[in-house]
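Asker: Structure of the sequence below:
(chains A and B, ligands or ions: 2)
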Amino acid sequence: MIMNTHDSLQFSYTAIIRHPLRAVLVLLAIAIGVASIIIMTGLGEGARRFILNEFSSLGTNLLIIIPGKSETGGAMSIISGATTRDLTLQDTISLQRHHQIKRVAPIVFGAAEASWQQRSREVTIIGSTSELLALRHWSLSQGVFLPEGEMTRASAVSIIGTKIASELFPQTNPVGQKIRIGDRKFRVIGVLASKGRSIDIDTQNLIIIPVASAQHLFNTPGLFRILIETRSRESQKQVKTFIINTIKARHQNEEDITIISQDALLGTFDQILTALTLTITGIAAISLSVAGILIMNIMLITVSQRTAEIGLLKALGASRHQIQILFITDALLLATTGAILGILLGQGSNLIIHHFLPTLNNSAPLWSIVTAFLVAVFTGLLFGVIPARRAADLNPIQSLAHH
Amino acid sequence: MIKLKNINRIFQVGDQQVHALKNITLDINSGEYLSIMGPSGSGKSTLLNIIGMLDQPDSGSYHLQGKEVTHLTDNTQSMIRSSQIGFIFQFFHLLPRLTAAENIALPMMLAGVPYAERKQRTNKILQLLEITERADHKPEQLSGGQRQRVAIGRATIMQPKVLLADEPTGNLDRHAGHEVIKILEQLNQKGITLIIVTHDPELGERAKRKIKFIDGSITTDTGTDLA
Ligand SMILES: Nc1ncnc2c1ncn2[C@@H]1O[C@H](COP(=O)(O)OP(=O)(O)OP(=O)(O)O)[C@@H](O)[C@H]1O
Ligand SMILES: [Mg+2]
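Answerer: Ligands and ions are numbered 1, 2, ... in the order given. Next up is the predicted model:
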């Protein structure tokens, strides 16, 4: 004998709504559990997307060459005492030959005071070449970028960030003006478009000058690092080998550089953040089992309250199996309804969070919604089985005598 | 139709054994009207429960329509209970959350009878029992007699062969009890086998066959007039 599904659901429904408070309690427990999974994964994913996006904005297919050999990929060998040769402009030039290298930008990095007339402020200085703009996906709001040509030429030109432009030149167009940096004068030839804070540098508070000028300014022959953009992701390995071999040949056969690839960096962060998201999601999912225990307790109470009914149903021809299904239907109905409410609650909360943190794209991924739903339903099933078994095992005669 | 042979039922209560049924042998033919009387605790309900397969005998055999039923699976027993046996209880046992009509239709719902057919059969029974106006009332809004009529409707909706009534009038006043008995007797006249357990001597006398129980044994059996 098989009851039709619609009848089972309706039968369960009428039984559940006889105790509305109890039903609300269970629904709430499940809904909160499901919602917290969705909110947690939303936040985790949001953070992951945010950080990955920031890393991607560094450039495309980037390799970063750092002077010094790192032992484990992080700490410099300064600790181990090995001598480190500077990376030089000549090194940079030697790297330009490879056909898989699209762009090369040497970087000198430092801080200095910049002033114009009576105004001055502390700024970050980057010395580089014309390729930097495209390599970093930056753009200009005014003027032009560093001129192409010999990177050893120390011309006195500069490109300034928007904040510097507005603070040093509140009323004047900065392009064409001569700005003082340290003890030298540089003509402003361009203004960077405002892009805000990049993950590594505040572009609004930045002045870019030719790399050779920066070397003079800071009196250093060495480079802070060399940025390389390869033509494709696939060619990175090949390019890496080329870089190592080339620099080694130029540095008395010593491999004294470290190459970080943007991909590896991204991959590491992706892994860490995914693990983090999964962990908090797992914790939220475990909290759902608390809801499961609540379901079980409430179902057990229900079974004892419906003892006479169970005896009657058996007398009317319901099999053990059917009684079990009826009670599991109760649990499933509660769990499913709770899960749907939880999804609405979670998605709603995510929208509200997004409203207050617009930079965080915290929409929950589909897998987490599906997982939360399935975990809730499975919890209902799992914790519904024990009370349902108990109901089915009741002795019908004693149940009927029960009032 | 019902053939009981050497049925024993022993309950273990603590370290005491209660011998509720002692070697009961009883043949009941199709269409009989049978009353079972006897003092409290003599085993009347226990016998009814075994006939209705809500309880299993500890020994003996039970043939229902020629088939041994004591060792059938739970599923098969349920199926037989659903299609062949109707129960009527002293305390009605209606589900308070369902209407009169829904209570009557409950066995059909459990059996998976489609909605339209359920509706039609329920309406017919409601009419027969003269409670059509009460169809949408909840049990708490019904009188005792009306409740028992709903219970009779529920017990007969699957057109069973046997109706087992355990003190069906025990909770009703004389008038309502009389009405209920009349309905049950009408059903018996249409061919249903009617077995009534009662404490009421007047009611017991109305049955064509009268069985007396004392201490788990049959002491009197007026015998069957149906072959
Ligand atoms: N589930 C049980 N567990 C233990 N003892 C039981 C059980 N059911 C019945 N008994 C015992 O079996 C005996 C017969 O009980 P039964 O209910 O059949 O009596 P009865 O004739 O129906 O009595 P009454 O007229 O009071 O309803 C009684 O002594 C009773 O205590
Ligand atoms: Mg009894």
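Asker: Show me the helices in the chain, by range?
Answerer: Assuming you mean chain A. For chain A, the helices defined by DSSP state H occupy A:5-16, A:20-56, A:89-95, A:132-135, A:162-168, A:211-218, A:236-250, A:262-305, A:307-315, A:320-356, A:366-393, A:396-401.
Asker: Switch to chain B, please.
Answerer: Counting by DSSP H, the helices of chain B are B:44-51, B:74-84, B:100-110, B:115-128, B:144-156, B:174-189, B:201-206.
Asker: hmm, back to that, could you dump the helices of chain A to TSV with mean neighbour count and mean pLDDT?
Answerer: No exception for glycine: its C-beta is placed from N, CA and C like everyone else's. Shown next, in TSV, are the helices of chain A (neighbours: other Cβ atoms under 10 Å in any protein chain shown; pLDDT from 0 to 100):
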stretch	mean neighbour count	mean pLDDT
helix A:5-16	17	90
helix A:20-56	20	88
helix A:89-95	18	90
helix A:132-135	20	91
helix A:162-168	20	92
helix A:211-218	21	93
helix A:236-250	16	91
helix A:262-305	17	83
helix A:307-315	23	91
helix A:320-356	20	93
helix A:366-393	19	90
helix A:396-401	18	85
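Asker: Taking the stretch 101-250 of chain A, what residue is nearest to chain B?
Answerer: Closest residue of the stretch 101-250 of chain A to chain B, Cβ to the nearest Cβ: residue A:233 (61.2 Å).
Asker: From residue A:62, how far off is that residue?
Answerer: 10 Å (Cβ to Cβ, to the nearest Å).
Asker: hmm, back to that, which residues touch the residue of the stretch 101-250 of chain A closest to chain B?
Answerer: Residue A:233 makes contacts with A:61, A:263, as judged by Cβ atoms under 8 Å, 6 or more residues apart in numbering or on different chains.
Asker: Could you count how many residues lie near residue 175?
Answerer: The chain I'm using is chain A. 17 (other Cβ atoms under 10 Å in any protein chain shown).
Asker: nope, chain B please
Answerer: Counted with other Cβ under 10 Å, residue B:175 comes out at 9.
Asker: pLDDT score for it?
Answerer: Residue B:175 is assigned 92 on the pLDDT scale.
Asker: if I look at it, how far off is chain A?
Answerer: Distance, residue B:175 to chain A, by Cβ to the nearest Cβ, to the nearest Å: 25 Å.
Asker: nearest residue to that residue other than its sequence neighbours?
Answerer: Residue nearest to residue B:175 in three dimensions, not counting chain neighbours: residue B:145, with 7.6 Å by Cβ to Cβ, 6 or more residues apart in numbering or on different chains.
Asker: That neighbour: what's it in contact with?
Answerer: Residue B:145 makes contacts with B:172, B:173, B:175, B:176, B:177, B:179, B:180, as judged by Cβ under 8 Å, 6+ apart.
Asker: can I assume the last one is in contact with residue B:146?
Answerer: Meaning residue B:180. No - taking contacts as Cβ atoms under 8 Å, residue B:180 lies outside contact range of residue B:146: 10.1 Å.
Asker: Tell me where chain B is predicted with low confidence.
Answerer: B:225-227 (pLDDT under 70).
Asker: Up against ligand 1, what does it have?
Answerer: Proximity of chain B to ligand 1 is confined to B:11, B:13, B:18, B:20, B:38, B:40, B:41, B:42, B:43, B:44, B:45, B:46 under the rule Cβ under 6 Å from any ligand atom.
Asker: Take those residues and lay them out in a markdown table including neighbour count.
Answerer: Listed next are the residues of chain B next to ligand 1 as a markdown table, based on neighbours: other Cβ atoms under 10 Å in any protein chain shown:
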| residue | neighbour count |
| --- | --- |
| B:11 | 13 |
| B:13 | 7 |
| B:18 | 13 |
| B:20 | 23 |
| B:38 | 23 |
| B:40 | 7 |
| B:41 | 13 |
| B:42 | 21 |
| B:43 | 24 |
| B:44 | 24 |
| B:45 | 22 |
| B:46 | 22 |
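Asker: Let me know the closest of these to residue A:302.
Answerer: Nearest to residue A:302 among those: residue B:45, at 27.3 Å, using Cβ to Cβ.
Asker: Correct me if wrong: that closest one contacts residue B:165.
Answerer: No - contact criterion Cβ under 8 Å: residue B:45 and residue B:165 do not qualify, at 11.2 Å.
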